[in-house]
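Enquirer: Let's see this in three dimensions:
(chains A and B)
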2 protein chains.
Amino acid sequence: MRRGSLLRALTTLALAIACAAGAWAQAQAPLPSWNEGAAKSGIVAFVQAVTDPKGKNFVAPADRIAVFDNDGTLWAEQPLYFQFLFMLDQVKKAALEKLGTKPLLELLGQANSGMTVAEYDKTIRDWLATARHPKFERPYTDLTYVPMRELLDYLRANGFKTFIVSGGSSEFMRPWAEKAYGIPPEQIVGSQQEVKFEMKDGKPVLTREAKFAFVDDGPGKPVGIYRHIGKRPILAFGNSDGDLQMLQVTTAGEGRRLALIVHHDDAQREFAYDRGSHVGKLDKALDAAPANHWLVVSMQKDWKRIFGFQQ
Amino acid sequence: MRRGSLLRALTTLALAIACAAGAWAQAQAPLPSWNEGAAKSGIVAFVQAVTDPKGKNFVAPADRIAVFDNDGTLWAEQPLYFQFLFMLDQVKKAALEKLGTKPLLELLGQANSGMTVAEYDKTIRDWLATARHPKFERPYTDLTYVPMRELLDYLRANGFKTFIVSGGSSEFMRPWAEKAYGIPPEQIVGSQQEVKFEMKDGKPVLTREAKFAFVDDGPGKPVGIYRHIGKRPILAFGNSDGDLQMLQVTTAGEGRRLALIVHHDDAQREFAYDRGSHVGKLDKALDAAPANHWLVVSMQKDWKRIFGFQQ
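Expert: Numbers count the residues shown, from 1 in each chain, chains lettered A, B, ... in the order given. Next comes the predicted model:
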């Protein structure tokens, strides 16, 4: 045995012990930021059922696929989807130059087209480092929900593979989602801009074009899941009508399934909105929840805290 | 600590020990079906360099992304891409019915459109279970290359995440790739048929349409990698001009990189073809190899055996 492989073996062992310790801690008190109630007990009962090797609802680890919407489910989305705020900032300069000559939506579509994907990635990182949320006056990446981060950890400690399935673009989430949620770039399914391969100064690059290749929203979400994951999730979590079809597909499968909806009903700590909202409209999915046994999670009642910076 | 979580901790520990044992075995004699030579020593030197935590070429496990073409790289592709043979079999019945009324390519495009993705998956599985390769008279899934399966194992034992990036469709590979290569459905990037979400008899289903949404070949491969993985691979393995851009993008990154090409030069044990072939044409990529330091792997000289059923 070479020294390198002994070292690797020991590292693997140490990781396993750390992982087991994490699982133990989670088992002691899973979901500490969740209040006791139907939502928390429903989640814990589901996880226990599908991980019990002797139970009739057991699911092999390879099939423990959990999908999460991002905007309004894992982080906030008011007063506008954060990616939209980013894009507005990008076109401000262009808009001032071309004011009155082009409609805003056209400018938005063209924003950052012609850039290489590496340049675009840097633009996103720069914006995230400096932009501040208008209400909370903090970096947007501070606006992830603590209870959801606990849930992601809890699922992974129980052998789940966690994916984001978002109407936003993958490239907007990849720079920060691993640190924020523990979800790596290859587990992010999102809307897709057209990109084109070309040689530029003798180097192969991907250049962004001014049109969308795929919209991962509403009926697009099951399509995105099929293409990217290729398995039917056993758990899905959303917050709006854009998640309706993803929840339907998840719970239409055989065996035990769990679908959940974040209900934004906490005007004091976050925002309160549902049927009439211009972003994250929750109407049809809220109506469909009871008959489908989807759990509706009240931010006000089910969550002890929302953001890491609060209390 | 609940009994369940103790059990889980012990299972994790046992898995870690098994994994360490596997790494040890690999370290003893990696790539047993590869002959000594520039290809094998180049692979081993690369893996040692990027996994040595004290070396200047160290790459963190999260960035150890390895991408593999499928047809002609992981399994055979003559006399025609196996997916094409499958599609031909699918249209045979339709072709006999509509003989002379429609061109073959149109029939191929329409084959299996209108099916749900679950029905299509079953069609593929049924075909694979009964179809036989015309030369080897064996199931197509017997025609995977043993040296490549060893390489995939060797890379994973060294912390790599392995992906297929194929011109064929993901759905054609998913039913068998996990068993054959240890690559799960969510790590398969391929060409994509349009699919549509709809409710059918009150159930949400995805239905296949008669057109392609994305062709993951040639300049499409870096696009597929960008969309699906979101990281630049550090190792890429192909066999044809359809892999040229994938190899270019891989070796254009910073730090140590490895690109390889399977050269089909073994008419006796498999097939011999390159520049003039109608499938798996290898011409531009072969010319580009020396200047780019891409390793050309000779099936005849570098591989002790090719298929599991041989010798």
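Enquirer: Grab the most central residue of chain A for me.
Expert: The centroid of chain A falls nearest to A:Asn70 when counting by Cα atoms, centre = their mean (3.1 Å).
Enquirer: Could you pull up the contacting residues of the closest residue to that residue other than its chain neighbours?
Expert: Spatially, and ignoring its direct neighbours in sequence, A:Asn70 is nearest to A:Ser166 (3.9 Å; Cβ to Cβ, 6 or more residues apart in numbering or on different chains). C-beta coordinates here come from the backbone N, C-alpha and C atoms, glycine included. By Cβ atoms under 8 Å, 6 or more residues apart in numbering or on different chains, the contact list for A:Ser166 reads A:69-71, A:173, A:188-191, A:216.
Enquirer: ok, now A:Glu119?
Expert: Here A:Glu119 is in contact with no residues (criterion: Cβ under 8 Å, 6+ apart).
Enquirer: now it, what's its secondary structure?
Expert: Here A:Glu119 is recorded as helix under DSSP: H, G, I helix; E, B strand; the rest coil.
Enquirer: any idea how far B:Lys301 is from it?
Expert: 43 Å (Cβ to Cβ, to the nearest Å).
Enquirer: quick revisit: among the contacts of A:Ser166, which one lies nearest to A:Asp243?
Expert: A:Asp69 (5.0 Å; Cβ to Cβ).
Enquirer: so that closest one touches A:Ser240, yeah?
Expert: Yes: the pair A:Asp69 / A:Ser240 is scored as a contact, 7.4 Å apart, by Cβ atoms under 8 Å.
Enquirer: just to revisit the earlier point, look at the residue nearest to the centre of chain A and report its pLDDT.
Expert: At A:Asn70, the pLDDT value in this model is 98.
Enquirer: same deal with the one 3 residues further on?
Expert: In the predicted model, A:Thr73 carries a pLDDT score of 98.
Enquirer: now swap in A:Gly242 and tell me
Expert: pLDDT for A:Gly242: 97.
Enquirer: Now do the same contact list for it.
Expert: By Cβ under 8 Å, 6+ apart, the neighbours of A:Gly242 are A:69, A:167, A:217-218, A:221, A:280.
Enquirer: and those, which of them are in strands?
Expert: Mapping those onto strands (DSSP state E) picks out A:Gly167.
Enquirer: could I get the contacts of A:Gly242 as CSV with neighbour count?
Expert: Listed next are the contacts of A:Gly242 as CSV, based on neighbours: other Cβ atoms under 10 Å in any protein chain shown:
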residue, neighbour count
A:Asp69, 27
A:Gly167, 23
A:Asp217, 21
A:Gly218, 17
A:Lys221, 29
A:Gly280, 25
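Enquirer: In CSV, could you pull the C-alpha coordinates for stretch A:70-81?
Expert: Provided in CSV are the C-alpha atoms of stretch A:70-81 (Å, rounded to 0.1, in the frame of the first residue of the first chain):
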residue,chain,number,x,y,z
ASN,A,70,-35.3,28.3,-5.2
ASP,A,71,-37.1,31.7,-5.3
GLY,A,72,-39.6,31.9,-2.4
THR,A,73,-38.7,28.4,-1.3
LEU,A,74,-35.1,28.4,-0.3
TRP,A,75,-34.6,32.2,-0.3
ALA,A,76,-36.8,35.3,-0.5
GLU,A,77,-38.2,36.6,-3.8
GLN,A,78,-39.8,40.0,-2.9
PRO,A,79,-40.1,42.7,-4.0
LEU,A,80,-38.9,41.1,-7.3
TYR,A,81,-37.0,37.8,-8.1
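Enquirer: quick one: buried residues of that stretch?
Expert: Residues of stretch A:70-81 classed as buried by neighbour count (16 or more other Cβ atoms under 10 Å in any protein chain shown): A:70-78, A:81.
Enquirer: Tell me which residues are up against that stretch.
Expert: Defining contact as Cβ under 8 Å, 6+ apart, one finds that stretch A:70-81 is touched by A:68, A:82-83, A:88, A:133-135, A:140-141, A:143-145, A:148-149, A:164, A:166-168, A:173, A:177, A:180-181, A:237-240, A:243, A:262, A:264, A:270-271, A:273, A:279-280.
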